[in-house]
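1. please work out how this folds:
(chains A and B)
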Amino acid sequence: MFTWPNLLSQLFNGLALGALLALISSGLTIIYGTLGVLNLAHGAMFMLGGYAGYVAYQATDSFIVAVLAGTLFLLVVGVVIERLIIRHFYDRPHEDQLLVTFGLSICFVEIVRFFFSSLSVNVPAPAIFSGITQLGVMAYPTYRLAVVGIVAVALLALYLMLYRTRLGMIVRAGIEDPVMVDSLGINVFRVFMVVFGIGSMAAGFAGIVNAPVVSLTPDVGEAILVQTFVVVVIGGVGSFPGAVLGGLIAGEIISITSMINPGYAYVMLFAAMTLVLLVRPHGLLGTRGRE
Amino acid sequence: MKKGSSTSRRTFLQAVATGAVSSGIAASGLVGRSSWAKEYPPIGTYPAGSSGNSVFIGISVPRTGTYAVQGEDELKGYQLAVEHINAGHPLIKAISPKSGKGVLGKEVKYGVADSAAKPNTAVQAQQRFITENKAVLMTGSTSSAVAVALNKLAQREKVLYAAGISGSNDTTGKDCVRYGVRQCFYGQTAAAAIGPLVVKTFGKGKKAAYLTPDYTYGHTVTKSMEDYLKTAGWTTATNQVAPLGAPDYSSYLLNIANSGADVLLNVNWGHDAVLSTQQAKQFGIFDKMKLVVPYQTPFLAREAGGGLLSGVYAATDFWWTLQDKYPLAKMFVEAFDAKYGYKPEWGANNAYMEFALWADAVERAGTFYPPDVIKVYEDGHKIQSTVGEVYFRAADHQLVRPVIIVRGKKPADMKNKEDFYDVVEVVPGEPLMQKPDAFGCKLGDYT
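-> Residues are numbered from 1 along each chain as shown, chains lettered A, B, ... in the order given. Reported below is the predicted structural model:
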């Protein structure tokens, strides 16, 4: 349904959707890029962040506490999981890594379902961001506008950490050549643990920031995970800037296609991924032959 | 010759005597017809599935995914029905007057599989129940895609399938089968029931926007609503088709917000209905247009929260306050509430009724032999249900039953925490239904 106001609305909405997808995907791609582990539990961690935040919100009525709780809880979960399980799979085949992270995701989802049932729960947006903002020709939910800003700050923080700190330098070096990093005497295992924790934390943060937009259910991470993989493949597996670019592209594809033919919005996402795989198999900003 | 004629006379007398005695016994009902089971040729899981002391039902409901909440509720309805059937509960006897304990004296057992509302997962699970457990009945679905797939499995395997929740016209329309039956309302009856009220409330010549899930249920319900509203001069401003389990509806809702529609008909179901309704509120859609729910989702008002459904009309299969109107509904609601601690929604009631109707059909047939059971479903006998008198239509195996129109209450008007709706109207079923062949139903063979 093409009209100029609708086009502008959809372009903006694509940006907002893409920003959130970029944030979730960045955690996934950092972990894969550094550790070589494709974390199928990433969607479940996104969900866990939302529920941890929900519990904190119920206890305190504070959205800021909820965001902190969701983020920090997932940092802890990430570190613990890495120490207890993931670490033992670095040298195992990819299939084993997929299976163990897939198993973890099932455990996370079913544990949450056991305690909270499948009935959805809601975390309301903070009062200052509730309601609708009129932006020229379109009305847009104020909280979604805020999310664009929150995500931009979070992505900037991740960027600074990856590109302006010593840890970031080691992580990026690990992405390029983990053997060399190891041989330089750097405790790669500790770095790996921190990286897995940061990647999980990004998922948790995205989960609680996204909570007021969606209603939380134990399955909320499942559909997001699929989109996240598409984003990572489009942007380039293991590339942080690729995740941001891929997220924005995915958001715009969904929004613009829905305007022309809503039934094809998600189909076009996969079509775009297929096209990228055909033309540039390592993704738009990925580096060839990371393995 | 003498010997031969003597033998012949004795054989003749024996045959006459045996015939007289056995027909007398049969006429007097001294033995159940199951003793005649050996006369029937094997078909599907018959007679293996019913030769022991128990019979097995395969249940596949979504316990994960978008329809998980409704699947769990449905399962509770099945479990209560099995408990009541095995105990010879008065409610089962009221629906199935010939029932004693169990079905034809056999205990009912069941297995449960998570279908995740995916057709292939459900078919694999039911195939396993047929092969390993010799299931005599398959049931469960909260997605018509699953119902249609299990219809086909039922016809191929010659094992009865009582569709769970399935709102598509196709389930007893173009994808109907001899071995499938459906209890609940569907797109056509929903549209015919709620349509007049929608036109009366909002007027003629309005513009409608639709949110439609992209599979048989969504397409047929939206089509039925469009067809009905067209007769009152309504036009479709936009039809936003979204995949099952879409994680976000913002882009669809922006199209709707910019469509100039007067009324939003949200055909989404399960968590999709909850999420899309909540997000429609976030996008200010309800400041511009009114909401109508043509095919109500159990727990929608509860999950959407914030009184989002207040004043909203919805078509449904059952609402618990019908207990004030129907004695069997009262029995059901009280038994369910006592066991599970909450008022049942329509998915649970639908599940309970399916099993009760199946027990009734088997008891009346006096055998588990599927063609005979099917013929009882088709004989048009009237059945007392939780929504009054109902019967199955022989031509498409659809239960002829009323559709319930409800209107969401304001939170301030709720008398208790589960008092989400007022029952506005109980619309009689027969006038709502299309002609039996209108949706291309060809039932197929008995054997």
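
2. where does the stretch 1-150 of chain A dip in pLDDT?
-> Counting by pLDDT under 70, the stretch 1-150 of chain A shows low-confidence ranges at A:1.

3. quick one, strands of it?
-> Taking DSSP state E, counting those that start in this stretch to define them, one finds strands in the stretch 1-150 of chain A at A:132-135, A:138-141.

4. just checking, what packs against the last one?
-> When contacts are defined as 3 or more CB pairs under 8 Å, 6 or more residues apart in numbering or on different chains; DSSP states H and E, strand A:138-141 sits against helix A:4-35, strand A:132-135, helix B:250-257. Any C-beta I mention is one placed from the backbone N, CA and C, and that applies to glycine too.

5. on that earlier part again, tabulate the strands of the stretch 1-150 of chain A (JSON lines), appending mean neighbour count.
-> Listed next are these as JSON lines, based on neighbours: other CB atoms under 10 Å in any protein chain shown:
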{"stretch": "strand A:132-135", "mean neighbour count": "14"}
{"stretch": "strand A:138-141", "mean neighbour count": "22"}
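
6. neighbours around residue B:204, how many?
-> Neighbour count of residue B:204, defined by other CB atoms under 10 Å in any protein chain shown: 11.

7. can you name the residue of the stretch 51-200 of chain A nearest chain B?
-> Using CB to the nearest CB, the closest approach of the stretch 51-200 of chain A to chain B is made by residue A:118 at 3.9 Å.

8. that residue reaches residue A:215, doesn't it?
-> No - contact criterion CB atoms under 8 Å: residue A:118 and residue A:215 do not qualify, at 11.5 Å.

9. check contacts around residue A:113.
-> A:218, B:64, B:68 (CB atoms under 8 Å, 6 or more residues apart in numbering or on different chains).

10. is chain A within reach of stretch B:97-117?
-> No - applying CB under 8 Å from any CB of the partner chain, one finds stretch B:97-117 separated from chain A by no less than 9.1 Å.

11. show me what from chain B comes close to chain A.
-> Residues of chain B lying near chain A (CB under 8 Å from any CB): B:63-66, B:68-69, B:72, B:214, B:238-243, B:245-248, B:250-252, B:254-255, B:257-259, B:271, B:274-275, B:278-279, B:282-284, B:299, B:302-303, B:305.

12. shouldn't residue B:236 be within a helix?
-> No - assessed with DSSP: H, G, I helix; E, B strand; the rest coil, residue B:236 is strand; it does not lie in a helix.

13. which residues of the stretch 101-250 of chain A fall in helices?
-> A:142-164, A:166-176, A:178-183, A:188-210, A:220-235, A:240-260 (DSSP state H, counting those that start in this stretch).

14. which other helices and strands contact the shortest one?
-> Translated: helix A:178-183. Using 3+ CB pairs under 8 Å, 6+ apart, helix A:178-183 sits against helix A:166-176, helix A:188-210.

15. I'd like the average pLDDT over stretch B:418-429.
-> The average pLDDT within stretch B:418-429 is 97.

16. ok, residues contacting that stretch?
-> By CB under 8 Å, 6+ apart, stretch B:418-429 touches B:189, B:192-193, B:197, B:301-302, B:309, B:313-314, B:319-322, B:325, B:342-343, B:387-388, B:390, B:399-409, B:414.

17. would you mind writing the CA trace of it as CSV?
-> Only the C-alpha atoms of stretch B:418-429 are listed here, as CSV (Å, rounded to 0.1, in the frame of the first residue of the first chain):
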residue,chain,number,x,y,z
GLU,B,418,-12.1,-14.0,35.1
ASP,B,419,-15.2,-12.0,34.2
PHE,B,420,-13.8,-10.7,30.9
TYR,B,421,-16.8,-10.9,28.6
ASP,B,422,-20.6,-10.4,28.5
VAL,B,423,-22.4,-13.0,26.3
VAL,B,424,-24.3,-10.8,23.9
GLU,B,425,-25.9,-13.5,21.8
VAL,B,426,-26.1,-17.2,21.3
VAL,B,427,-26.6,-17.5,17.5
PRO,B,428,-28.3,-20.7,16.4
GLY,B,429,-26.0,-22.8,14.2
